[in-house]
Structures are given as structure tokens and as C-alpha cells.
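Undergrad: make a model of this:
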Amino acid sequence: MHATKFVAVIQVVQLFAALQRTLKSSIIPLQALQSMDEQFRAKMALLPESFQSDSDSYLEAAALSPILTLQNARFHLYRRNLSPVCQQAERAAAFGSCVVVAQDTAKYISRSLQTPAGKPDSDKSWQASVAHMASSMICIHIWRCMLMLCLHGDYSAALMCLQVPAAIGDLRKVNRACGQNLVFFLDRIAERARSGNGSPQQLEHDEEMLAYASGDLQSNLEHSWVWTGTDLAPAAEPSSAGSQQSAHTLSSVEPMQGTLPLRPSPGSPEHASREWDGWGQVEHMIRRLMEESRPRTAPGPTSSYYPPPHNPVKRVQLGPEAPLNPPKSIPSSSASRISIANII
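TA: Numbers count the residues shown, from 1 in each chain. Sure thing, here's the model as predicted:
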């Protein structure tokens, strides 16, 4: 098995040179995407059956390292076309591909959590294996996947991915920072839900949320888009080719639809008083969003009672209703009126 993992790492690393050349462009043409896809599939085909994305067999936790390295490379490739310089169809395809990579990542993690025969203490050994292989790359890849999954509304897959950073804990400093950023991101999703704009379809076209979900891509001035039109480059001599190229890239980026209000970062003084409650806090927020996004149905063929807004105590009988659409978050005042009427 150790030899297999070593071979897997070699196969994955061989792709990085071609990937780096492809990522030099701010827009990746369809032909280049298809070419890299073929290379990814070819490398994966050389690995054992348990390494394949469509396999259902048990996967050792130690095998996650080379597999997630490959998924990380795929994610980098697809994420580039999220930029507003791409056409809407290209952006939608890029987002969908990133979600697929995140879902594949969740499946691999799920398979590694299966209980092998004769190993009742597999949970402890799994956590130890994950902590042993913990790297900054894995922490950041899982964070990126969770951003996309939550924006897409696939909270079950996000909770599966959560198992890895929860096992890593504070062994990696970047893991904690990723968790704090997720708290901020989930807060924004909850805000959208409360305002009636929190469906996955709405979020996927929300420029501000897309910018947040793009994560560390915005830290690269050459390929980011939120800093368009902002002079953030340090003073440099006019002859600097690098500065000229960066300035050209920034000036050529199309303006985003709408404006992005500046928000304090998780590490800024405005957030200094916010305590990090650990990955349990992230799990709680995801489960709450999951619960609020579930479709709600009427109690059945019997009549339903809802309080009129002018008199919360008086009950008004309504006829049987068809299943409701996925609800927007109910304001606390409305929820209180419904609860009081039901109790009475």
C-alpha cells in the first residue's frame, strides 16, 4: 500500500507543470479545460480501483493525501473561470465543476470513514491518520470545497468534508483561519436567507457571495477581480514588466455587476472580540442552514391553522395545502405567533 501511495503522488505531481502553464491565463479556453481533464482521467486510470471516484470500496485514510492533492489541482483549474471576465455560461460551468470536485472530495472522505471488518476502534485510528497527514494544502482544499458546497446548498456533503478539519483541529494554524472564515461565510448565507435571497439559485448569481466563495483566489492581484480599479500595487519603476503586466490585467477586467461593500476581515480589529468556538460552531451553523432549507409540507389532509397577523391568538382555519416551496427563514416574531397558537 505504501508503494501504491508513492506511485499515486508521482502521478499527481507530473500534472503540475502542465497545470501551472494553463493557469497563467486569466481565462482558460474550453479546449485547454478538456485537455487537462483528459490528463487527469489518464493519471487516475493508472491508480488502483479504490482510488477511483466511482468506487464504493473502503479507502484507507492515508490514501486521502495523494487523492486530495489531485482534487486540489482539478479545483484550481476549474475555479479560474469564475471570474467576471468570462461569459456567464463559462462561469456557470466553472462553478458546477468546482462543486463536482467538492462532492468527489466528500465521497472520498466518506469512504475512508467506513468501518473495516475487525477494526472496532477505526474512528480513533481514522482521526490519528488524518492528523498525521495534515498539511496546509489539505486544510485549504477542504475549506475551498466547503465554501462551494454551502453556496450550492449541498450541506450534507459539506458536513462530510467537515470531518477532516475537525480531526486536524489546531495542529495547523491555517485550519483555524479557514474555520473562522467559514463562520463569516455562513453568516452571510444566513443573512441572505433571512432577506429572502438565500436559495442556491440566487446565491450562485450573487456577485458578492461568488467573490467570497472564490476564497484565496482574490489574494492574487493578477487573477482576482474584487480589486479591479483599486490601486493596491506598491510603487515601482515604470520599466517594471511585472508591474505593467499587473496593471494591464487589472485594467482589462470587466466591472462586476453591483458593488461589493467592504467588510472587515476575520482577522481585523473589528473581529478581535469574536471568539472562535471551534469546528462545532461551523457544524451547528451548517445544520441550521440545512434545516431551514428543507421543504416543509402541510400536516396532511386535515385542516391547518395559522394565526392572523392582527390577532395571534385567534385561529383561522385553512383548507389542506399542497407541499410548500423551500421556505425562506421565518422571522422570530412570526415563529413565536405560530408556536403560541399551536399551544393554545
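
Undergrad: give me the domain ranges for this structure.
TA: 2-115+122-224+271-293, 304-343 (automatic domain parsing).

Undergrad: tell me which of those domains is the most buried.
TA: Highest mean neighbour count of those: domain 2-115+122-224+271-293, a mean of 17 (counted as mean count of other C-beta atoms under 10 Å). The C-beta positions use only the backbone N, C-alpha and C, and glycine is treated the same way.

Undergrad: three-state assignment of residue 26?
TA: coil (DSSP: H, G, I helix; E, B strand; the rest coil).

Undergrad: now do the phi/psi pair for residue 201.
TA: phi -60, psi -40 (degrees, to the nearest 10).

Undergrad: tell me how far it lies from residue 178.
TA: 26 Å (C-beta to C-beta, to the nearest Å).

Undergrad: same thing with residue 138?
TA: Taken as C-beta to C-beta, the span from residue 138 to residue 178 is 11 Å.

Undergrad: repeat that for residue 115.
TA: Taking C-beta to C-beta, one finds residue 115 at 28 Å from residue 178.

Undergrad: what of residue 132?
TA: 19 Å.

Undergrad: ok, residue 170 next?
TA: Distance of residue 170 to residue 178, computed by C-beta to C-beta: 12 Å.

Undergrad: now name the helix or strand holding the closest residue in space to residue 133 that isn't next to it in sequence.
TA: Nearest non-adjacent residue to residue 133, counting by C-beta to C-beta, 6 or more residues apart in numbering: residue 65, 4.6 Å away. For residue 65, the host element (DSSP states H and E) is helix 64-79.

Undergrad: mean confidence score for that helix?
TA: The average pLDDT within helix 64-79 is 90.

Undergrad: mind giving me the packing neighbours of it?
TA: Packing partners of helix 64-79 (3 or more C-beta pairs under 8 Å, 6 or more residues apart in numbering; DSSP states H and E): helix 2-13, helix 16-22, helix 30-45, helix 88-112, helix 122-133, helix 136-152.

Undergrad: can you redo the ones you listed as JSON lines with distance to residue 221?
TA: Output for the helices and strands packed on helix 64-79, formatted as JSON lines (distance: least, C-beta to C-beta, whole Å):
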{"stretch": "helix 2-13", "distance to residue 221": "27"}
{"stretch": "helix 16-22", "distance to residue 221": "18"}
{"stretch": "helix 30-45", "distance to residue 221": "23"}
{"stretch": "helix 88-112", "distance to residue 221": "20"}
{"stretch": "helix 122-133", "distance to residue 221": "32"}
{"stretch": "helix 136-152", "distance to residue 221": "19"}
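
Undergrad: so where's this structure shaky on pLDDT?
TA: 1-9, 11-12, 116-123, 227-275, 296-344 (pLDDT under 70).

Undergrad: and with 50 instead?
TA: Confidence mapping of the chain against pLDDT under 50 gives the ranges 1-2, 230-273, 297-344.

Undergrad: tell me the contacts of residue 280?
TA: Residue 280 makes contact with residue 166, according to C-beta atoms under 8 Å, 6 or more residues apart in numbering.

Undergrad: sticking with it, tell me its helix or strand.
TA: Going by DSSP H and E, residue 280 is in helix 279-293.

Undergrad: give me the angle between that helix and helix 136-152.
TA: Angle of helix 279-293 versus helix 136-152, following axes from the mean of the first three to the mean of the last three C-alpha atoms, to 10 degrees, is 20 degrees.

Undergrad: one step back: overlap of the contact sets of residue 170 and residue 178?
TA: By C-beta under 8 Å, 6+ apart, no residue touches both residue 170 and residue 178.

Undergrad: shared neighbours of residue 138 and residue 178, anything?
TA: Between them, residue 138 and residue 178 share no contacting residue, judged by C-beta under 8 Å, 6+ apart.

Undergrad: without its sequence neighbours, what residue ends up closest to residue 67?
TA: Nearest one to residue 67, counting by C-beta to C-beta, 6+ apart, is residue 108 at 5.5 Å.

Undergrad: surely that neighbour is in contact with residue 66?
TA: No: between residue 108 and residue 66 there is no contact, the gap being 10.8 Å when judged by C-beta atoms under 8 Å.

Undergrad: who's in contact with residue 128?
TA: So, once contact is read as C-beta under 8 Å, 6+ apart, residue 128 ends up touching nothing.

Undergrad: and the closest residue to residue 141 other than its chain neighbours, how far from residue 82?
TA: In space, and not counting its chain neighbours, residue 141 is closest to residue 72: 4.3 Å by C-beta to C-beta, 6+ apart. Using C-beta to C-beta, one gets 16 Å for the distance from residue 72 to residue 82.
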